[in-house]
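Asker: need a structure here:
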Amino acid sequence: MAYMMAMQGAAKLTVDDVLRFVFPVDVAVNNARSGTIDKQGWQSIFNAINMLEELIRMRVCNDEDNMIDDLQQTVIAILERARSKGTKALYPNEITALMDLRAVYADVLAGLTHSQYYDAEASVERRLRRVLGQKPPKGVHIIEES
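Answerer: Here you go, the predicted model:
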């Protein structure tokens, strides 16, 4: 039994695994484009961004073009505009950024092992629990979609 678990940890995610993990992000991006995204959709986008950020921390992939920070700023701008003006419409560059997120997330996941994915997922969960349990440092935005 232990060798089976070790083999699965070392095995790459299958195409079905990648599709299963990317599907909620795909739906969320499409809903954002049409102005029908809900809290669950934003959560899927946040999860993908957080996973990519953690995989960068783990040095599984890199962020040479600062995509993660740009995505975070894009999402903050979208949500702040929705809150202040009541609009869910996105600018073309925001749509492009979300579509790029979906593509990059799928590409990165396609090269991961089960172990890398689940290690990153556990680390994100721990970090979120820690951050949500304390006052955020200056410059950190905690975004909650209502």
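
Asker: hey, let's count contacts and neighbours off CA atoms from now on
Answerer: OK.

Asker: now do the strands in this protein.
Answerer: Taking DSSP state E, the chain contains no strands at all.

Asker: any low-confidence regions in it?
Answerer: Counting by pLDDT under 70, the chain contains low-confidence ranges at 1-9, 136-146.

Asker: so for it, the centremost residue is which one?
Answerer: Taking C-alpha atoms, centre = their mean, the centroid of the chain lies closest to residue 48, which sits 1.4 Å from it.

Asker: that one reaches residue 105, doesn't it?
Answerer: Yes: the pair residue 48 / residue 105 is scored as a contact, 6.7 Å apart, by C-alpha atoms under 8 Å.

Asker: which residues does the residue nearest to the centre of the chain contact?
Answerer: Neighbouring residues of residue 48 by C-alpha atoms under 8 Å, 6 or more residues apart in numbering: 25, 101, 105.

Asker: got it, and residue 124?
Answerer: If you count contacts by C-alpha under 8 Å, 6+ apart, then residue 124 has 50-51, 54 around it.

Asker: let's see 6 Å
Answerer: Going by C-alpha atoms under 6 Å, 6 or more residues apart in numbering, residue 124 touches no other residue.
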